[in-house]
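Chemist: I'd like to go over a predicted model; first the sequence, then the structure.
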Amino acid sequence: MNTNSTDNRHQEPDELMIPSKDGFIVIPTDSIRIQNEPSREPVKNGSHWHSYQLWNMLQFSLMMTGMITLLGYIGYSVAGMVGLLSIGIIGSIGFLLTNNNSIDRVLKASYIEPINHNAGYRLYQMIEELAEKAGLEKVPRLFLDRRAITNAYTIEDKTRSAIVLSESLHTRLSDREIRGVLAHEIAHLKNRDIWIMVVSDQVRRLTGYLAIAGQLMLLLYLPLMLIKGVSVPWILLLSMMAAPTISSLLQIAMSRNREFKADLDAVALSGDAVGLASALRKINRQSSFWKRLYAPYLKELPELFRSHPETTARIRRLRILQKQHNFNVSWEGFSHIF
């Protein structure tokens with residue numbers, strides 16, 4: 001084999017000839033500079049991303065442990081080991097019934113209608129791409145909520161999942177903003193947040209029921225305690241009275257935690273913090289308008305009682321992520337966000 005001919009065949013040309021109407025334009029190849037596409041990987045302070053993830057995971061673990069421990073304590077205090085076994089059985093049955101019926105109850109409402117694949121072709125393109133990146137086995141179906149709200153939410157059971165977009169959100173947000181919202185909802189599915197919140201709601205309900213039962217038992221036995229001089233277990237009584245409130249606050253805090261986590265994962269899926277931040281800003285502005293119109297004297301709830309973090313706090317975190325990552329996205333028209 002002639003090695004010289006092989007070398008010549010792969011040798012770069014010295015000049016590049018581009019056809020034009022008057023002949024050819026000759027450009028020396030050594031004057032051409034190739035610029036690589038900006039990387040989507042973290043360029044600085046990448047450890048912050050992982051610290052956010054670890055902190056969210058730690059918060060969730062502590063809150064879920066707290067709720068289950070509180071439930072177990074109340075159950076054991078009321079009926080010992082029988083109480084623990086009973087709440088386990090009742091909780092499992094209640095979870096199965098709620099989880100299987102909730103999606104049908106929502107999707108069969110008169111104000112919900114499916115988004116046709118042909119009419120919502122661009123939406124299904126976005127969601128199929130995001131679902132593939134998230135590693136979902138099935139692409140969720142899309143539905144439209146005709147009510148006068150500006151919101152998006154996700155529902156699922158064992159075999160199905162759906163993302164519901166309000167009509168206002170669907171018409172007022174740009175494609176880039178809708179993609180950020182869809183990425184957020186896909187992140188909820190990826191993290192099993194709907195399942196987690198259903199479980200936490202069952203724990204909260206059972207804690208409330210057991211607290212009521214325990215208080216009634218103590219009230220029934222209280223006269224006997226006073227007559228026979230038996231001391232009243234005040235710690236147990238106060239714990240039962242406070243248990244429903246503590247469980248509700250833990251569930252709300254867990255919801256806030258899952259929203260922050262979904263924001264982080266949405267940015268990882270879409271590679272764009274700006275689109276989601278802009279969508280959150282528009283949704284918040286629309287919600288604030290209706291609140292000022294119909295309830296001008298209603299004060300904002302403290303952070304402790306909010307199921308979703310404040311929009312300003314969410315945008316602040318997205319701003320940090322955008323600064324720490326060199327996302328290959330256009331900023332045109334979004335400079336007001338950050």
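Modeler: That came through, no problem.
Chemist: Tell me which residues touch E185, please.
Modeler: P140, A152, Y153, T154, I163, A262 (Cβ atoms under 8 Å, 6 or more residues apart in numbering). Just so you know, the C-beta spots here come from the backbone N, C-alpha and C atoms, and that holds for glycine as well.
Chemist: Need phi/psi at the fifth one.
Modeler: Recorded main-chain torsions at I163 are phi -120, psi 130, according to degrees, to the nearest 10.
Chemist: what are the bridge partners for it, then?
Modeler: Beta bridges link I163 to L142, T154, judged by DSSP bridges.
Chemist: thought it was touching T154?
Modeler: Yes: judged on Cβ atoms under 8 Å, I163 makes contact with T154 at a distance of 5.3 Å.
Chemist: still on that earlier bit, nearest to M197, out of the contacts of E185: which one, please.
Modeler: Taking Cβ to Cβ as the measure, M197 lies nearest T154 of the contacts of E185, at 10.4 Å.
Chemist: So what's the residue count around the closest one?
Modeler: By the measure other Cβ atoms under 10 Å, the count of residues near T154 is 19.
Chemist: My read is that it contacts A162, right?
Modeler: Yes: if you go by Cβ under 8 Å, T154 and A162 touch, sitting 7.2 Å apart.
Chemist: Need the residues touching each of those two.
Modeler: Common contacts of T154 and A162 (Cβ under 8 Å, 6+ apart): P140.
Chemist: what do I163 and T154 both touch?
Modeler: P140, E185.
Chemist: I252 against E303, yeah?
Modeler: No: counting by Cβ under 8 Å, I252 does not reach E303; the two are 9.7 Å apart.
Chemist: And these two? Which one has more around it.
Modeler: I252 (20 against 12).
Chemist: By neighbour count, which bits of the helix or strand where that one lies are buried? Give me those.
Modeler: Assigned by DSSP states H and E, I252 falls within helix 234-270. For helix 234-270, burial by neighbour count (16 or more other Cβ atoms under 10 Å) applies to 237, 239-240, 243-244, 246-270.
Chemist: And what about N118, helix, strand or coil?
Modeler: coil (DSSP: H, G, I helix; E, B strand; the rest coil).
Chemist: burial measure for it, as a count.
Modeler: 7.
Chemist: Tell me who's in contact with it.
Modeler: Per Cβ under 8 Å, 6+ apart, neighbours of N118: none.
Chemist: how close does it sit to Y124?
Modeler: To Y124, N118 is 9 Å away according to Cβ to Cβ, to the nearest Å.
Chemist: can you check A277 too?
Modeler: The gap separating A277 from Y124 is 24 Å, by Cβ to Cβ.
Chemist: more crowded one of those two?
Modeler: A277 (26 against 17).
Chemist: Hmm, that one is touching R319, no?
Modeler: Yes: if you go by Cβ under 8 Å, A277 and R319 touch, sitting 7.0 Å apart.
Chemist: so where do the helices sit in the stretch 151-300 of the chain?
Modeler: Counting by DSSP state H, counting those that start in this stretch, one finds helices in the stretch 151-300 of the chain at the ranges 167-172, 175-190, 193-228, 234-270, 273-294.
Chemist: For the ones you listed, give me TSV that also has distance to R314 and mean pLDDT.
Modeler: Formatted as TSV, those follow (distance: least, Cβ to Cβ, whole Å; pLDDT from 0 to 100):
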stretch	distance to R314	mean pLDDT
helix 167-172	16	88
helix 175-190	10	95
helix 193-228	15	77
helix 234-270	6	85
helix 273-294	6	77
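Chemist: For I74, find the nearest of the ones you listed.
Modeler: helix 193-228 (4.4 Å).
Chemist: Kindly provide the distance from A152 to V267.
Modeler: Using Cβ to Cβ, A152 is found at 16 Å from V267.
Chemist: Next: Q322.
Modeler: 8 Å.
Chemist: which residues do those two both contact?
Modeler: Residues touching both Q322 and V267 by Cβ under 8 Å, 6+ apart: A273.
Chemist: Look at V82 and say how many residues are nearby.
Modeler: 11.
Chemist: Sorry, wrong one. I was asking about E128.
Modeler: Applying other Cβ under 10 Å, I find that E128 has 13 neighbouring residues.
Chemist: Pull up the per-residue confidence for it.
Modeler: Looking at E128, its pLDDT stands at 94.
Chemist: Do me a favour and get the backbone dihedrals for it.
Modeler: phi -70, psi -40.
Chemist: Just give the nearest non-adjacent residue to it, would you?
Modeler: V139 (5.3 Å; Cβ to Cβ, 6 or more residues apart in numbering).
Chemist: Repeat that for R204.
Modeler: Nearest one to R204, counting by Cβ to Cβ, 6+ apart, is S247 at 4.5 Å.
Chemist: Kindly report the same for G72.
Modeler: Here the residue nearest G72, using Cβ to Cβ, 6+ apart, is L84, at 6.1 Å.
Chemist: unless I'm mixing things up, the residue nearest to E128 is touching E129, no?
Modeler: No: counting by Cβ under 8 Å, E129 is not a contact partner of V139; they are 9.7 Å apart.
Chemist: Going along the chain, name the strands of the stretch 1-150 of the chain.
Modeler: Per DSSP state E, counting those that start in this stretch, the stretch 1-150 of the chain carries strands over the ranges 15-20, 23-28, 112-114, 141-145.
Chemist: elements contacting the shortest one?
Modeler: The one in question is strand 112-114. Counting contacts by 3 or more Cβ pairs under 8 Å, 6 or more residues apart in numbering; DSSP states H and E, strand 112-114 is packed against strand 141-145.
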